[in-house]
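> what's the 3D shape of this:
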Amino acid sequence: MRHGCKVNKLSRTHAHRVAMLSNMATSLILHKRVETTLAKAKALRVYVEPLINRSKEDSTHSRRIVFSYLQNKEAVTELFREISQKVADRPGGYTRILKTGIRHGDNAEMAIIELVDYNENMLKETKTTKAKSTRRSRAKKATDAPVANVESATAEEAKAE
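Below is the predicted model of the structure:
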């Protein structure tokens, strides 16, 4: 039984898993989105969200803790300068996982994990979707339309005479 085992091991040793998550978190921070398997995306979300939360407080101690996880100066700089400014007012949920289907080679579920505040397309869609709401009505049958036109045409001819 796996009571209390919260970590998805991803079929890797501890060192391999930590190195992989560190590299994926660095790529996510630098490129703002990563395409990977669904299991890795879920594991990456658990790994990177506390780091983003830590970056809200820009202190030497916070930078050293984040660097111990990422091991990349450029990623730490990007996280504390750019990303922390965008997520300053957000209470949590800094990443979004979008399922993209399956991989043909091994039938693995694929997903895109991205930073929420950096997807410009989704930010535009949320603003424009509220703009117009219309009701749909039942479409008329094709056979009814010509008959109505013929009847109206004969009615107009009768009035003209």
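
> In the protein, where is pLDDT below threshold?
The model of the chain has pLDDT under 70 over residues 126-133, 141-161.

> What ranges does this protein have for its helices?
Per DSSP state H, the chain carries helices over the ranges 14-31, 38-54, 60-70, 73-78, 84-86, 120-128, 144-160.

> And for R103, nearest residue in space, chain neighbours not counted?
Spatial nearest neighbour of R103, excluding adjacent residues (C-beta to C-beta, 6 or more residues apart in numbering): M110 at 5.3 Å. To be clear about C-beta, it is placed using only N, CA and C from the backbone, and glycine gets the same treatment.

> thought the one you found was touching I102?
Yes - between M110 and I102 there is a contact under C-beta atoms under 8 Å: 6.5 Å.

> These two: who's more crowded?
With neighbours defined as other C-beta atoms under 10 Å, M110 and I102 compare such that M110 has more, 17 against 13.

> re the thing from before, point out the most buried one among the helices of the chain.
helix 38-54 (a mean of 18; mean count of other C-beta atoms under 10 Å).

> now the angle from that one to helix 60-70?
170 degrees (axes from the mean of the first three to the mean of the last three C-alpha atoms, to 10 degrees).

> Provide the contact partners of helix 38-54 at residue level.
8, 10, 17, 20-21, 24-25, 28-29, 34, 36, 62, 65-66, 69-70, 79, 83-84, 87, 92-95, 97, 99, 108-113 (C-beta atoms under 8 Å, 6 or more residues apart in numbering).

> try 6 Å
With C-beta atoms under 6 Å, 6 or more residues apart in numbering as the contact definition, helix 38-54 has outside contacts at 8, 21, 24-25, 62, 66, 69, 94-95, 97, 109, 111, 113.

> Turn the residues you listed into a markdown table, including distance to K140.
Below are the contacts of helix 38-54 laid out as a markdown table (distance: C-beta to C-beta, whole Å):
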| residue | distance to K140 |
| --- | --- |
| N8 | 55 |
| L21 | 58 |
| M24 | 55 |
| A25 | 57 |
| S62 | 65 |
| V66 | 63 |
| Y69 | 63 |
| Y94 | 50 |
| T95 | 48 |
| I97 | 44 |
| E109 | 44 |
| A111 | 44 |
| I113 | 47 |
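
> ok, what's across the strand from the most centrally placed residue in the chain?
Centroid check for the chain by C-alpha atoms, centre = their mean gives R96 as the closest residue, at 3.5 Å. Beta-bridge pairing of R96 under DSSP bridges involves E114.
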